[in-house]
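S.K.: Give me the fold of what follows.
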Amino acid sequence: MIEHDTIRLLRECDAGIKMGISSIEEVIEYTGDKNLRERLQRSVSEHEEIKKDLQELLDIYHDEGKEPNVMAKGMSWIKTNVKLAINESDNVIADLITDGCDMGVKSLSKYLNQYEGADEKSKDLAKKLIKTEEKLGNDMREYL
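M.R.: Numbers count the residues shown, from 1 in each chain. Purely as a prediction, here's the structure:
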């Protein structure tokens, strides 16, 4: 049970990190504010660090991880590009990132509860990712 829940939690974290990095990279070029751009770049770096730790755990379990859901990724891309086509402002970017962070926190919290049999290292990594998402969402508030 522990290994099963651990692998499933790690896979969901992997998909979430990939989605988060992709979403940030999608909007970063549209930022006008230097501080916003730097904050988003720092967040990508933070996500990459967690991804590296995650990959080490996935390697222990000989698992490839998980790609984000194609439909969710596609819908995110459409939403982002439509909103930015209408208005390329920092508050639109902050709004998109905040929504993404909220969805990430919600999903990861659900998986953390669902896979309660996961090992502590994996749970701690999921909690670290949740905190990173919460922090980024909070950082975006000044741009809304």
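
S.K.: Quick check: which ranges of the protein have low pLDDT?
M.R.: 1 (pLDDT under 70).

S.K.: what about the helices in this structure?
M.R.: Applying DSSP state H to the chain gives helices spanning 2-28, 34-60, 70-86, 90-114, 120-140.

S.K.: which of those helices is buried the deepest?
M.R.: Highest mean neighbour count among the helices of the chain (mean count of other C-beta atoms under 10 Å): helix 2-28, with a mean of 20. C-betas here are computed from N, CA, C, even on glycine.

S.K.: helices and strands around that one, which ones?
M.R.: Under the contact criterion of 3 or more C-beta pairs under 8 Å, 6 or more residues apart in numbering; DSSP states H and E, helix 2-28 touches helix 34-60, helix 70-86, helix 90-114, helix 120-140.

S.K.: Show me what the first one packs onto, helices and strands only.
M.R.: In this case it means helix 34-60. When contacts are defined as 3+ C-beta pairs under 8 Å, 6+ apart, helix 34-60 sits against helix 2-28, helix 90-114, helix 120-140.
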